[in-house]
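Q: Build me a model from this:
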Amino acid sequence: MISISTARACAASVASRHNATIVDPDDARPWLTALETAAELLLGGGATSPLATLRDSLTTSAARVAGLAVPTPWVTLVLLSERALTDGAAYLETVAHELVHADQATTVGAGQVAVDYLHPELRAHREGDAGGVSLWVRYLVTGVRPSPDDAGVVTSSLYHLSGDQRAFGRAVVETSLVSIDTAAVPPHRVARDVLAWLRAHAPEAILAPEYRAPRGDQ
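A: I've put the predicted structure just below:
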């Protein structure tokens with residue numbers, strides 16, 4: 001199992017390539033408190049609005065989620081909760097998930113990410129992308145193949161998605177996990193960067209045997 005120190009080193013290196021800053025739980029709490037207050041003032045207490053997803057993410061982050069990506073015009077903050085510190089695999093999986101969101105923000109802009117998140121199908125797609133990469137990273141460092149049903153977009157009520165939208169998110173997750181069958185890498189920069197760092201600096205942490213040695217197309 002990958003150590004927490006190795007996971008931190010890998011995560012920090014990959015985050016630097018994706019315009020993101022990782023914030024540990026103690027330092028994240030003031031950010032979460034400020035964002036939660038702003039969300040309550042702007043969104044109110046309504047539970048049916050799609051904007052409730054943001055409020056719920058903030059108010060339950062410490063108890064129910066391991067991390068939260070907060071895009072800004074300058075950098076994406078990856079705010080971690082104590083759940084991310086369970087072990088090295090949990091840490092790296094969590095950061096990988098949030099770095100996919102950081103990439104999404106870099107691609108379309110922080111403002112557009114917020115707008116897109118109000119659309120359930122786009123929200124399911126973005127969470128499916130992040131969930132698939134994070135589960136693949138978990139497999140990389142544990143050797144235990146996950147199920148698409150392990151992804152938050154499928155199991156969590158946090159995202160306010162219908163059954164059909166969850167099924168769509170699950171299909172997106174599957175596109176990353178099916179790569180395991182051929183020892184391919186999911187088509188995301190975060191996945192490639194995590195694997196490259198581990199091969200270069202901590203090959204012993206790669207417990208998925210088909211990924212220990214590079215192939216000709218990797």
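
Q: going forward, measure contacts between C-alpha atoms and count neighbours the same way
A: Will do.

Q: For stretch 115-124, list every residue counted as buried.
A: By 16 or more other CA atoms under 10 Å, the buried positions in stretch 115-124 come out as 117-118, 120-124.

Q: Can you give me the end-to-end span of it?
A: 14 Å (CA to CA, to the nearest Å).

Q: pLDDT of it, averaged?
A: For stretch 115-124, the mean per-residue pLDDT is 82.

Q: which other residues reach it?
A: Stretch 115-124 has contacts (CA atoms under 8 Å, 6 or more residues apart in numbering) with 50-51, 153, 159-161, 165-166, 168-169.

Q: Mind checking which of these land in strands?
A: Mapping the contacts of stretch 115-124 onto strands (DSSP state E) picks out no residues; all lie outside.

Q: Out of the residues you listed, list just those in helices.
A: Using DSSP state H, the members of the contacts of stretch 115-124 that fall within helices are 153, 165-166, 168-169.

Q: any chance of these in a markdown table, plus neighbour count, pLDDT and distance to residue 196?
A: Shown next, in a markdown table, are these (neighbours: other CA atoms under 10 Å; pLDDT from 0 to 100; distance: CA to CA, whole Å):
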| residue | neighbour count | pLDDT | distance to residue 196 |
| --- | --- | --- | --- |
| 153 | 31 | 85 | 27 |
| 165 | 19 | 91 | 33 |
| 166 | 26 | 92 | 31 |
| 168 | 19 | 93 | 30 |
| 169 | 29 | 93 | 27 |
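
Q: any chance of the residues you listed in a markdown table, plus distance to residue 71?
A: A markdown table is the format used below for those (distance: CA to CA, whole Å):
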| residue | distance to residue 71 |
| --- | --- |
| 153 | 20 |
| 165 | 24 |
| 166 | 24 |
| 168 | 24 |
| 169 | 22 |
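
Q: and of the residues you listed, the nearest to residue 23?
A: residue 153 (23.2 Å; CA to CA).
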